[in-house]
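>>> got a structure for you, letters missing:
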């Protein structure tokens with residue numbers, strides 16, 4: 001995947017398009033494309049979380065067994081069908097966010113927005129199940 005293709009993905013991906021262009025350029029230097037086949041494990045609960053996935057297409061099933069701590073996966077993440085996207089090395093990303101506070105701030109804001117949206121969606125599903 002060329003640098004210009006990666007930048008196009010960054011500009012169109014819901015999670016990254018709110019970041020400033022210089023920060024997207026910085027992140028683009030640390031990504032690589034990935035394709036996961038159905039059944040492939042993207043993250044295993046309790047194992048080190050050393051990758052950050054941005055899904056472009058496909059579905060990932062999420063399951064849990066126990067509570068994990070620190071920089072570990074909190075869930076099992078398994079490709080339901082073919083999944084395509086870009087992946088950022090987790091250690092590299094953490095270091096970039098620690099060194100560049102603007103990146104860390106903007107990245108955290110986007111992450112919190114996604115988490116909030118997902119919590120609201122989960123709450124609505126639970127209300128429908130109970131009703």
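Received the coordinates, thanks. All figures in this text were calculated on a predicted structure; none of them were measured in a lab.

>>> so what pairs up with residue 83 in the strands?
Assessed by DSSP bridges, residue 83 has beta-bridge partners residue 36.

>>> quick one: secondary structure of residue 87?
Following DSSP: H, G, I helix; E, B strand; the rest coil, the label given to residue 87 is strand.

>>> how close does the nearest residue to it once chain neighbours are set aside sit to residue 82?
Setting aside the residues directly before and after it, residue 87 is nearest to residue 34 in space (Cβ to Cβ, 6 or more residues apart in numbering), at 4.6 Å. Backbone N, C-alpha and C define where each C-beta goes, glycine included. Computed as Cβ to Cβ, to the nearest Å, the residue 34 to residue 82 distance reads 11 Å.

>>> so the two - more neighbours on which side?
Neighbours around residue 34 and residue 82, counted as other Cβ atoms under 10 Å, are more numerous at residue 34. The numbers are 17 against 13.

>>> next, count neighbours for residue 114.
Close neighbours of residue 114, defined as other Cβ under 10 Å, add up to 12.

>>> so who does it touch?
Residue 114 makes contact with residue 15, according to Cβ atoms under 8 Å, 6 or more residues apart in numbering.

>>> returning to that earlier point: which strands and helices lie in contact with the helix or strand containing the residue nearest to residue 87?
Assignment of secondary structure by DSSP states H and E places residue 34 within strand 31-36. Applying 3 or more Cβ pairs under 8 Å, 6 or more residues apart in numbering; DSSP states H and E, one finds that strand 31-36 contacts strand 83-89.
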